[in-house]
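Trainee: just coords:
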């Protein structure tokens with residue numbers, strides 16, 4: 001009953017505030033303003049239900065002074081709680097949390113208006129500087145004051161951190177927060193473990209959600225303007241944030257130490273609430289947003305004495321193997337969680353924030369090369385590879401998962417740029433994850449190529465821009481693949497057969513690139529790994545007409561500009577995904593520029609040597625079984641018969657401005673979709689990406 005009365009009182013206060021459109025309420029009227037945070041509202045869902053978007057728009061447009069006062073008074077309450085001392089009483093905690101919830105509700109509506117955004121970074125907003133204390137007084141913009149107070153609140157004893165056992169309730173007020181071990185969880189930079197009560201995890205989650213909301217100003221810029229500096233992130237990641245190091249390690253450790261299975265009991269997640277999962281998810285979102293800020297500056301971080309983003313700087317400085325092991329094992333455990341299979345249906349908890357984890361892994365490898373080398377040093381990288389391939393295969397037909405597809409492919413492109421990745425792929429694939437792939441017996445390279453073949457042949461139309469990246473990955477690993485199974489070899493030949501169809505080659509200005517990539521894959525394997533790849537050699541011999549067709553390709557596009565219906569049907573889905581001609585008109589000169597560069601010499605020499613031998617043995621011994629032919633090829637050699645091996649060329653992932661803009665849109669779109677309960681941004685005019693309402 002009391003809770004209902006409190007909600008009615010809160011709603012009455014909102015109606016009273018929005019109804020005074022022509023009246024400016026005095027900032028010193030504490031009795032009025034305290035109604036918005038002194039009640040017994042105890043969750044953010046109630047705040048979102050009681051303060052509607054219409055209320056906020058009306059208040060912002062018709063009574064802007066009252067709207068700004070409401071925000072300033074809420075920030076003032078946070079400031080007072082921090083200044084009062086390291087400890088916060090239970091009643092003060094309720095007020096702080098309600099202020100945090102209210103600000104989380106209001107801030108997206110502030111970002112809708114360019115004028116309101118700038119007000120947060122102007123000094124002496126509403127002349128309320130006397131309301132704030134200490135170093136924040138008057139001289140700092142309201143945005144800086146808010147960020148400082150939220151940062152302080154994340155390390156407040158008995159509120160967001162566990163107070164040391166040596167500090168009792170009577171002495172807590174006199175205890176210096178600077179001397180407390182700040183880091184939330186055991187892991188990187190912190191060797192001690194503390195049991196954290198659920199309410200502390202819940203408090204951390206609410207404050208982090210407000211921080212994430214403050215950082216979300218980028219959502220309200222159109223894509224061309226999204227690269228302009230985000231002042232909220234610039235300040236929070238600068239040296240002004242005295243909690244940058246403990247917060248970075250806290251977020252990282254909370255994520256990597258989390259085990260969704262807990263004690264491993266079946267259906268444990270059904271019987272008990274898990275406040276830690278919510279904290280881990282929002283920690284991953286906050287950390288990936290922070291690490292993406294001014295990502296380009298990492299290229300010159302060693303040349304600068306002062307980093308522009310201390311979080312990325314701290315990430316790049318991690319170097320201890322035990323820290324790398326902690327981070328990698330945590331990411332492996334979480335990424336493999338959705339793949340778990342049990343005899344009891346739904347008995348294991350499945351997390352849903354694997355996309356955030358993939359982004360964090362990408363950032364870790366990109367910013368800290370020592371971590372990347374550590375990942376590739378052992379076969380642990382395969383425990384990252386398998387879930388990535390699983391997510392790619394599961395998402396290939398879902399247009400809403402195109403962003404996940406890009407991130408997964410970019411990660412594999414980053415890994416494939418290192419020799420050790422290709423070497424590790426030769427390990428046998430024994431763990432059978434449920435994927436709709438052909439049955440095969442082989443290694444992890446076979447798994448990777450089969451998943452990529454599935455994506456190319458049966459994936460969504462919007463994945464076609466990824467074909468170059470996908471084939472580049474296979475090119476990078478091809479010189480190190482010691483053995484390929486027959487199924488994989490057949491799928492690679494199928495891709496070449498489809499992409500080398502004459503009409504497909506001239507259907508688009510860049511389609512021929514795909515053929516160049518595939519020929520380079522075959523050349524690498526023949527030149528460097530011939531002895532163990534009889535299956536691929538056999539497939540090349542069987543489909544030798546494809547290579548002869550390429551070598552005899554006419555230069556006149558008029559004869560090959562239109563596909564035959566039969567060819568379309570034979571090539572299947574691969575060709576069906578090719579773009580229409582449109583305005584592109586191929587010319588004889590254009591065909592000539594790339595036709596003469598086709599790297600066919602090695603393959604044609606192989607066919608010239610082996611085809612007569614295979615034909616002869618088939619006639620002499622009356623062979624009809626491909627196994628016997630493959631055995632013959634395994635015992636053969638081409639030493640001294642092939643052209644001089646070409647140098648191994650590794651193509652590495654190179655970020656650019658276009659990919660940065662795309663990634664920023666993807667990242668914030670992911671944050672938007674993950675925070676629909678309550679719907680933090682759903683009722684505002686987001687411009688960074690398009691929202692399709694069902």
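Mentor: That came through fine. Note that this is a predicted model, so its numbers are computed, not measured.
Trainee: from now on I want contacts and neighbour counts done on CA atoms only, so please keep to that.
Mentor: Will do.
Trainee: by mean pLDDT, flag the weakest helix or strand of this structure.
Mentor: One helix or strand of the chain scores below all others by mean pLDDT, DSSP states H and E: helix 573-576, with a mean of 47.
Trainee: C-terminal to that one, what's the next element?
Mentor: Next along the chain after helix 573-576, taking DSSP states H and E as the criterion, comes helix 588-595.
Trainee: for that following helix, which helices and strands make contact with it?
Mentor: Applying 3 or more CA pairs under 8 Å, 6 or more residues apart in numbering; DSSP states H and E, one finds that helix 588-595 contacts no other helix or strand.
Trainee: which parts of it are buried?
Mentor: Using 16 or more other CA atoms under 10 Å as the test for burial, helix 588-595 gives 591, 595.
Trainee: without its sequence neighbours, what residue ends up closest to residue 78?
Mentor: Closest residue to residue 78 apart from its sequence neighbours, by CA to CA, 6 or more residues apart in numbering: residue 96 at 5.9 Å.
Trainee: what does residue 23 give?
Mentor: Nearest non-adjacent residue to residue 23, counting by CA to CA, 6+ apart: residue 63, 7.8 Å away.
Trainee: average pLDDT for the helix or strand encompassing the residue nearest to residue 78?
Mentor: According to DSSP H and E, residue 96 maps onto helix 90-111. Averaging pLDDT along helix 90-111 yields 93.
Trainee: and the very next helix or strand once past that helix, how far from the chain's centre?
Mentor: Under the assignment DSSP H and E, the closest C-terminal helix or strand after helix 90-111 is helix 114-119. Relative to its parent chain, helix 114-119 has a centroid offset of 30 Å by CA atoms, centre = their mean, to the nearest Å.
Trainee: what do you get for stretch 641-657?
Mentor: Stretch 641-657 sits 27 Å away from the centroid of its parent chain (CA atoms, centre = their mean).
Trainee: ditto for stretch 497-507
Mentor: Remark: stretch 497-507 is offset 34 Å from the chain centroid, using CA atoms, centre = their mean.
Trainee: report the buried residues of that stretch.
Mentor: Those would be 497, 498, 499, 500, 501, 502, 503, 504, 505, 506, 507, for stretch 497-507 by 16+ other CA under 10 Å.
Trainee: distance of the last one relative to residue 548?
Mentor: Meaning residue 507. 21 Å (CA to CA, to the nearest Å).
Trainee: now do the contacts for residue 55.
Mentor: Listed by CA atoms under 8 Å, 6 or more residues apart in numbering, the contact partners of residue 55 are 14, 15, 18.
Trainee: what number of residues lie near the closest residue in space to the last one that isn't next to it in sequence?
Mentor: Closest residue to residue 18 in three dimensions, ignoring its sequence neighbours and counting by CA to CA, 6+ apart: residue 59, at 5.4 Å. Using other CA atoms under 10 Å, residue 59 has 21 neighbouring residues.
Trainee: using the three-state scheme, assign residue 59.
Mentor: Secondary structure for residue 59, judged by DSSP: H, G, I helix; E, B strand; the rest coil, is helix.
Trainee: how far does stretch 31-42 stretch from start to finish?
Mentor: End-to-end distance of stretch 31-42 (CA to CA): 20 Å.
Trainee: report the mean confidence score over it.
Mentor: Regarding stretch 31-42, the rounded mean pLDDT is 84.
Trainee: how about stretch 450-460?
Mentor: On average, stretch 450-460 scores 95.
Trainee: how distant is that stretch from the center of its chain?
Mentor: Centroid separation for stretch 450-460 versus its chain: 21 Å, with CA atoms, centre = their mean.
Trainee: for the helix or strand harbouring residue 373, packing partners?
Mentor: Using DSSP H and E, residue 373 maps to helix 369-377. Counting contacts by 3+ CA pairs under 8 Å, 6+ apart, helix 369-377 packs against helix 321-335, helix 354-367, helix 419-424.
Trainee: got a markdown table for the ones you listed, with mean neighbour count too?
Mentor: Converted to a markdown table, those look like this (neighbours: other CA atoms under 10 Å):
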| stretch | mean neighbour count |
| --- | --- |
| helix 321-335 | 19 |
| helix 354-367 | 21 |
| helix 419-424 | 20 |
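Trainee: to residue 151, which of these lies closest?
Mentor: Comparison of the helices and strands packed on helix 369-377 against residue 151 by CA to CA identifies helix 354-367 as nearest, at 21.6 Å.
Trainee: residue 205 versus residue 314, what's the distance?
Mentor: Distance of residue 314 to residue 205, computed by CA to CA: 23 Å.
Trainee: ok, residue 247 next?
Mentor: For residue 247, the distance to residue 205 - CA to CA - is 13 Å.
Trainee: and what of residue 199?
Mentor: In terms of CA to CA, residue 199 sits 10 Å off from residue 205.
Trainee: so between the two, which is more surrounded?
Mentor: residue 205 (23 against 14).
Trainee: and the pLDDT for the more buried one?
Mentor: 96.
Trainee: give me the three-state assignment for it.
Mentor: helix.
Trainee: for the nearest residue to it once chain neighbours are set aside, grab the count of nearby residues.
Mentor: The spatially closest residue to residue 205, leaving aside those adjacent along the chain, is residue 279, at 5.0 Å (CA to CA, 6+ apart). For residue 279, the neighbour count with other CA under 10 Å is 24.
Trainee: contact partners for residue 279?
Mentor: Residue 279 is in contact with 201, 202, 204, 205, counting by CA under 8 Å, 6+ apart.
Trainee: what do you get for residue 500?
Mentor: For residue 500, the contacting residues are 512, 515, 546, 550, by CA under 8 Å, 6+ apart.
Trainee: and the residues you listed, which is closest to residue 120?
Mentor: Comparing the contacts of residue 500 against residue 120 with CA to CA places residue 512 closest, at 52.8 Å.
Trainee: grab the nearest non-local neighbour of the closest one.
Mentor: Once flanking residues are discounted, residue 512 sits nearest to residue 505: 5.4 Å by CA to CA, 6+ apart.
Trainee: please apply the same query to residue 683.
Mentor: In this structure, residue 683 finds its nearest non-sequential neighbour in residue 53, 6.6 Å apart by CA to CA, 6+ apart.
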